[in-house]
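Trainee: sequence and predicted structure are below.
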Amino acid sequence: MTESGITPKAFHTVARVVVDDGLLGCALVRELGLTKAELDTDGDFLLTEYAGAIDLRPPGEHGRRGIQANFPPDKNPPSNSPRGGGRNPLVRAFGRQIGEILDLTAGLGGDAYRLAHAGHRVCGCERNPAVYAVLASGWERARKRGSIPAALVERLSFAYGEGADRIDSLEGPNLGVYIDPMYPPPRRSSAKPRRELQVLRALLGGQRDAAGLVERSREKAARVVVKRPHHAEPLVPGASFEIETKLVRFDVYVNPKRMEAGSGE
């Protein structure tokens, strides 16, 4: 068992996900190619439905409510003016001049939402089909309930697939890329992360191509922001600056050649 209480198959191995009977008719599940399989004595991740959205339950916890993508992600969102930064360190890391942002590791969509809330136009990419199913169904539920301002809905979108495939298509000035790879295990025992992160780490393991994503993004984007825990080394050396909080660090890579002339940072 890990400190999170969930047993991953291996840190770099994607675990098996099975689909509950109630979701087999879901168009999103069919589109993603997720099909029913026999449960391995409660040893697999389970996709099911709860309160109008897809719910992901880890091994050994099929009888307990799983994780979902909830929007808005924060009960008390920061009062950021559009691209003004406010007190949100992630928004400050991108600065005032970055307009559009490609989030290569959308996960459950919280950071993409925060950036869109601050006024950026954001596309969040998620490559794991089970995680994308949770993300897309949570976003659709929030939109149907009217929980999201119409202007924000226009600025934020999510896509299924490899974010890396979109890097080379980035064209134009003042574009940003956000990368939030799964954290490496802490050097020593510490407080447990949120349950959502525990489950995602157990499902996804590590992300071996993260450093390569940073290197490629630096060539195409005006600003690349990488989220890291304090105990981890930078994925790529040479960050322009860092923004630290009590829990995380944002490594910021600025490419002046990709900034619009006269716009500054």
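Mentor: Now that the structure is in, tell me what you want to look at. Numbering: from 1, shown residues only.
Trainee: use CA for all of it now, contacts and neighbours both
Mentor: Noted.
Trainee: low-confidence regions, the protein specifically.
Mentor: 1-14, 38-41, 77-86, 184-192, 261-265 (pLDDT under 70).
Trainee: repeat that for 80
Mentor: Across the chain, the ranges flagged by pLDDT under 80 are 1-15, 37-43, 75-87, 183-193, 206-208, 261-265.
Trainee: where along it do the helices fall?
Mentor: Using DSSP state H, the helices found in the chain span residues 27-31, 89-94, 110-117, 129-145, 150-155, 164-167, 195-204, 210-220.
Trainee: list the buried residues of stretch 251-264.
Mentor: Buried residues in stretch 251-264, defined by neighbour count with 16 or more other Cα atoms under 10 Å: 251-256, 258-260.
Trainee: same check on stretch 52-59?
Mentor: Buried-residue list, stretch 52-59, by 16+ other Cα under 10 Å: 53-59.
Trainee: which residues touch that stretch?
Mentor: Residues outside stretch 52-59 that contact it (Cα atoms under 8 Å, 6 or more residues apart in numbering) are 6-7, 42-49, 64-68, 130, 133-134, 137-138, 141, 199, 203.
Trainee: one more: stretch 251-262?
Mentor: Looking at stretch 251-262 with Cα under 8 Å, 6+ apart, the contacting residues turn out to be 93-94, 172-175, 218-228, 234, 238-243, 265.
Trainee: just the C-alpha atoms of that stretch, please, in PDB.
Mentor: Taking C-alpha atoms only, stretch 251-262 is exported to PDB below (Å, rounded to 0.1, in the frame of the first residue of the first chain):
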ATOM      1  CA  ASP A 251       8.500  27.100 -13.100                       C
ATOM      2  CA  VAL A 252       8.000  29.700 -15.800                       C
ATOM      3  CA  TYR A 253       9.900  29.700 -19.200                       C
ATOM      4  CA  VAL A 254       9.600  32.900 -21.200                       C
ATOM      5  CA  ASN A 255      10.400  33.000 -24.900                       C
ATOM      6  CA  PRO A 256      10.700  36.700 -25.900                       C
ATOM      7  CA  LYS A 257      10.700  35.800 -29.600                       C
ATOM      8  CA  ARG A 258       7.200  34.600 -29.300                       C
ATOM      9  CA  MET A 259       5.900  37.700 -27.700                       C
ATOM     10  CA  GLU A 260       4.100  40.300 -29.800                       C
ATOM     11  CA  ALA A 261       6.400  43.200 -30.600                       C
ATOM     12  CA  GLY A 262       5.900  45.900 -28.000                       C
END
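Trainee: so how far is it from its chain's centroid?
Mentor: 23 Å (Cα atoms, centre = their mean, to the nearest Å).
Trainee: picking that back up, show the buried residues in the contacts of stretch 251-262.
Mentor: For these, a burial check counting by 16+ other Cα under 10 Å picks out 93-94, 173-175, 218-228, 234, 239, 265.
Trainee: so Thr35 makes contact with Asp21?
Mentor: No: when contacts are counted by Cα atoms under 8 Å, Thr35 is not listed as touching Asp21 (9.3 Å).
Trainee: coming back round to it: now, the contacts of stretch 251-262 that are in strands?
Mentor: Among the contacts of stretch 251-262, the ones falling in strands (DSSP state E) are 175, 223-228, 241-243.
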